[in-house]
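> Generate coordinates for the sequence data below:
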Amino acid sequence: MNTKAIIEGLLFLSGEEGLSIEQLSDAIQMDAGSFIETLKEEYRNPDKGFELVEFANRYKFITKEFVYPYAKNIFEEVKAPSLSPAALETLAIIAYKQPITRVEIEEIRGVNCEMMLKKLQLRNLIEAKDRKDVIGKPLLYTVTDEFLDTFQLESLKELPELKQKDFEDSELFEEIQ
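Predicted coordinates for the structure are as follows:
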């Protein structure tokens, strides 16, 4: 049995979702860690068109950057939907302050954000994970693994440190802090 090839095949089959070490270890019934490291090293080779990466504790194959100009010749260029400034602001507040309720987000932003929260949930960037133990039991929002993957973060600890000069409104800075 070629365990490394099996892991390689499983990762290929998992596509954008990727697989965790635990999932791979369960599948092959042994620790997959050393196989993953070997594969990561093999795919760092500049002769390979893709590489093995880890985002949000999940491993997956991605195409190397040098392939993209050639891919444009084959595939129609599809513009990925971008996030509006309001969506990015809401997402940043959630990422830095999570878990956080809708009302707390609205207090920071100063505007209603109910529709924005729904849009971010539909894009699977945030989720209502729990309820706050207060009257009314409002939903608590957190970012998802998809958020980490989208912004290529291993964890929220990689978010940049907030600095006062990044904010025109010092009250907004104080609220996010």
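> Am I right that A27 is in contact with L10?
Yes - counting by C-beta atoms under 8 Å, A27 does reach L10; the two are 6.0 Å apart. For the C-beta atoms, the positions are set from N, CA and C on the backbone; glycine is no exception.
> more neighbours, these two?
More neighbours surround L10 than the other of A27 and L10, with 16 against 13 (other C-beta atoms under 10 Å).
> Please enumerate residues in contact with the helix or strand harbouring that one?
For L10, the element it lies in under DSSP states H and E is helix 3-14. The contact list for helix 3-14, computed with C-beta atoms under 8 Å, 6 or more residues apart in numbering, reads 18-19, 24, 27-28, 30, 32, 35-36, 38-39, 52, 59-61.
> Could you chop the chain up by domain?
Per the record, the chain has its domains at 3-74, 85-176, by automatic domain parsing.
> in the helix or strand that the helix holding L10 is followed by, what's buried?
As assigned by DSSP H and E, the chain's next helix or strand after helix 3-14 is helix 21-28. Using 16 or more other C-beta atoms under 10 Å as the test for burial, helix 21-28 gives I21, Q23, L24, S25, I28.
> Okay, helices next: where are they in this structure?
Using DSSP state H, the helices found in the chain span residues 3-14, 21-28, 33-43, 68-74, 85-97, 102-109, 114-122, 145-150, 170-176.
> Among these, single out whichever gets nearest to L159.
Ranking the helices of the chain by proximity to L159 (C-beta to C-beta) places helix 85-97 first, at 6.1 Å.
> For R131, give the beta-bridge partners.
On the basis of DSSP bridges, R131 is bridged to L139.
> so where's the chain shaky on pLDDT?
Counting by pLDDT under 70, the chain has low-confidence residues at 76-81, 163-177.
> Now do M30 against L24, distance only.
To L24, M30 is 10 Å away according to C-beta to C-beta, to the nearest Å.
> List just the nearest of the contacts of helix 3-14 to P46.
Distances from P46 to those, taken by C-beta to C-beta, are shortest for L52, at 14.4 Å.
> Pretty sure that closest one sits against L39.
Yes - with contacts counted by C-beta under 8 Å, L52 reaches L39, the gap being 5.2 Å.
> Okay then, goodbye and thanks.
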